[in-house]
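A.B. asks: coordinates only, no sequence provided:
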């Protein structure tokens, strides 16, 4: 069954016809070629597919594209400014070596921004607890935690 | 070339590759798409062990969007997947090496064994069609435990492996060991299980195979750690094609940890099928599929004994290990519990006699192969758990018993076939004691006790053999491949440099580390150095990345190519400066006539090489592009001491990692930031093994019980502390970088350090054995049993 869909992705209006069972992550990756959003699991555990839906971090593998109808979606591709200036959280991940293979990174950055929005002055324990929904196999989280702290400071400026 | 000449070495340069990853511009295999692309899905066995009576494809083939369906019966002329290492048993016979079919042939041997490749226009159509395939299975009894598999009456998995045995293999002087045990003042003993793990790179395996009819050639994009090896094995051994007919591209790869070294059946079937359907085929494993089909790690059962004199000096060690190979021999499976395990059982100690016997068996489980550390974590776990027990038995402090037995004279030939070139184990132990503030431990333990918690401290003084490997040594030990590395340094006309390396980065940061080596050596800006890897169509050759070999072997190949570039540059400069070649010095990016201020910049020389108007064309070819192959003369021996401090809540059995300290000797370090990151990641995986991760098959049905992130406990941010990391340096003596490798150390040292700490915390309660993972359930039960 095909359904029609109308939403905003990274500030641009998008309309499409999709199979009703299409997941948001597949819609972003396949229909819109926004391949920065990754699929790392099939149980909504790893968080590699995290995007912002109406300002809230959601796992795009865990909702249907039609559930995003009318919503404002931001993916990793929508974070940096038009001229390429990085979002402070992106810059912090690079500066703190908060990534290695890069696969979980895009979801991690999206979650981190949401985390800082909800817990602006988060301490290390809070950051670790709040990152529970994003799995990284490379970094041991040490430098991700540092990156979130540094990104939070930069975002507050 | 000495280490000091390498310029940018030692600086934490931020990574060149990061920009594409943090902006979502990375290109992983699943991000690559081709016109007319189809989607592949594998139908997998739901049974651990079954005969295939028949397969009915009629309904599936008629399903919407289906392009083709292939089963094992279609793969005529396709060989099985090869094993890259031949182990010769104690009986003098080669290991049993049963066929490893690309798609199941008449029988399935583990849950997840691939039965059919379904190709359709979309993934959903392929999945829908796969559900319509009717396979008539005759289900057979299954066995999943490597010791049970050897028992009389166990289900027979392969005709070619009677009693499910792959091999029994031994190393060391048995008579000397027996004699030493006979006169020992004390013997410490342990039974140990090294728990089975699933590697779990966050990017699941993925492939995109295509066929070009005009060129009669294939291209394979694949999430893989060593594209040249993948190409060689697939063309020469399985499909019977010249290498030139297959280009393998491993673009951005989302983690490997060993699991992407191997040639798998999936991509092999896809390459073969891409010609049949004459369209590109994409397959991306979902996580559930990765759990059942990726090669797993570890899975050893070991009994070990250590003989000592009255002062705790080690006299001899004997070890008996059973290793699980899974249902088929994966690419390097056979060498993990032998060559990469038994040879490390001397650890950092002068134990004069060691004898180890290893029996590898087949079971109805996914193939088991190298996972971060590969044999060396298993060896360290045996040695360091045993040394911990010995210290307890001898009532010696944990650091003291280690010091009493450290090797201090180098080179040192162990009784298990290796010769350590250099090390300083006192330095890393002392460094770890200091960084971990062991002096303040008693106060912290008392504070824990006040809160009702049990605190424990554990050491692991590990050693590993990395930089695989001297090809002739590996060959003598059964390797069926060379283990050198290749590097090409292409200097472009204006002096920028493109480096082509056979190493493969899937998180290690080669694009930065290798660029630092080149920039430092040539005295040019790092921004003018680009590193190309992961493409057999662009890189001359390569053996890939595993065994912490990229810098010490791959980096050295680049250094050797740089030496050639500089040597040729001197000839060109001598001509331009009208001086003798022997008078030309190269330093800080300039060729200078010694003792004068007459010089030519590197870019002037490169330009002359490509615009050879004033050039010794009668003696020298134009151009500045050099390739080197480097085959190491020995393994490298990174070593260090890790100290774990844990706190147990006796009410719940929860083990919390209070602190983790790693002080390692990786030889010279190019980029400390990247090295620390490697240690962090390795330690996290080691803590994961010790406290969280456990791959469990049901012993009756052979079903994988831990097949998702809901069931298999991956380490998450709130399971871990921040780590304390330090280094001490003894440069490797046999490569020009003085580098040893750092990728696996964390995963090697951490499990033993954590488990020693857990046993230390519970010692006073009388708990003597807890197996990994030390889950709350296990710890709580052990505490209750000890109380009873």
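C.D. replies: That came through, no problem. These numbers come from a predicted model, not from an experiment.

A.B. asks: residues contacting the residue in chain A positioned nearest to chain B?
C.D. replies: In chain A, the residue found nearest to chain B is residue A:36; the distance is 1.8 Å by C-beta to the nearest C-beta. For every residue, glycine as well, the C-beta is placed using N, CA and C. Shown in contact with residue A:36 (C-beta atoms under 8 Å, 6 or more residues apart in numbering or on different chains): A:75, A:76, A:77, A:106, B:23, B:24, B:25, B:26.

A.B. asks: where do the helices of the stretch 351-500 of chain B begin and end?
C.D. replies: With DSSP state H, counting those that start in this stretch, the ranges of helices along the stretch 351-500 of chain B come out as B:376-394, B:398-403, B:425-435, B:441-450, B:471-476.

A.B. asks: other residues contacting the last one?
C.D. replies: Outside helix B:471-476, the residues within contact range by C-beta under 8 Å, 6+ apart are B:339, B:468, B:479, B:481, B:482, B:483, B:484, B:631.

A.B. asks: tell me the contacts of the third one?
C.D. replies: In this case it means residue B:479. Taking C-beta under 8 Å, 6+ apart, we find residue B:479 in contact with B:84, B:85, B:335, B:469, B:471.

A.B. asks: can you check the last one too?
C.D. replies: When contacts are counted by C-beta under 8 Å, 6+ apart, residue B:631 touches B:470, B:471, B:482, B:483, B:484.

A.B. asks: which among the residues you listed end up buried?
C.D. replies: By neighbour count, with 16 or more other C-beta atoms under 10 Å in any protein chain shown, the contacts of residue B:631 hold B:470, B:471, B:482, B:483, B:484 as buried.

A.B. asks: verify the stated contact: the first one with residue B:635.
C.D. replies: In this case it means residue B:470. Yes - between residue B:470 and residue B:635 there is a contact under C-beta atoms under 8 Å: 7.3 Å.

A.B. asks: need the buried ones among the contacts of residue B:631 in JSON lines (columns: distance to residue B:599 and pLDDT).
C.D. replies: JSON lines is the format used below for the buried ones among the contacts of residue B:631 (distance: C-beta to C-beta, whole Å; pLDDT from 0 to 100):
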{"residue": "B:470", "distance to residue B:599": "40", "pLDDT": "92"}
{"residue": "B:471", "distance to residue B:599": "40", "pLDDT": "92"}
{"residue": "B:482", "distance to residue B:599": "41", "pLDDT": "88"}
{"residue": "B:483", "distance to residue B:599": "40", "pLDDT": "91"}
{"residue": "B:484", "distance to residue B:599": "36", "pLDDT": "94"}
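
A.B. asks: surely residue B:189 is in a strand?
C.D. replies: Yes - per DSSP: H, G, I helix; E, B strand; the rest coil, residue B:189 lies within a strand segment.

A.B. asks: does it touch residue B:303 like I think?
C.D. replies: Yes - at 7.4 Å, residue B:189 and residue B:303 qualify as touching, with contact defined as C-beta under 8 Å.

A.B. asks: where does residue 30 sit: helix, strand or coil?
C.D. replies: If you meant another chain, say so; for now it's chain A. helix.

A.B. asks: can you look at chain B instead?
C.D. replies: helix.

A.B. asks: now it: how far from residue B:251?
C.D. replies: 10 Å (C-beta to C-beta, to the nearest Å).

A.B. asks: what about the two, which has more around it?
C.D. replies: residue B:30 (23 against 19; other C-beta atoms under 10 Å in any protein chain shown).

A.B. asks: give the buried residues for stretch A:108-121.
C.D. replies: A:108, A:109, A:110, A:111, A:112, A:113, A:114, A:115, A:116.

A.B. asks: hang on, the fourth one in a helix?
C.D. replies: Yes - in this structure, residue A:111 lies within a helix as judged by three-state DSSP.

A.B. asks: list the contacts for it?
C.D. replies: So residue A:111 contacts A:47, A:50, A:57, A:130, A:131, A:133, A:134 (C-beta under 8 Å, 6+ apart).

A.B. asks: which residue of chain B sits farthest from its center?
C.D. replies: Distance to the chain centre peaks in chain B at residue B:578, reaching 51.1 Å (criterion: C-alpha atoms, centre = their mean).

A.B. asks: tell me where chain A has helices.
C.D. replies: A:24-26, A:88-95, A:105-118, A:124-130, A:142-156 (DSSP state H).

A.B. asks: poorly predicted segments of chain A, please.
C.D. replies: Applying pLDDT under 70 to chain A flags no residue at all.

A.B. asks: before we move on, back to that, just say helix, strand or coil for the residue farthest from the centre of chain B.
C.D. replies: Once three-state DSSP is applied, residue B:578 turns out coil.

A.B. asks: measure it to residue B:606 for me?
C.D. replies: Residue B:578 is 19 Å from residue B:606, by C-beta to C-beta.

A.B. asks: same question for residue B:521.
C.D. replies: 14 Å.

A.B. asks: now for the closest residue to chain A within the stretch 501-650 of chain B, how many residues are close by?
C.D. replies: Nearest residue of the stretch 501-650 of chain B to chain A: residue B:507, at 3.4 Å (C-beta to the nearest C-beta). Number of residues near residue B:507 (other C-beta under 10 Å) recorded here: 30.
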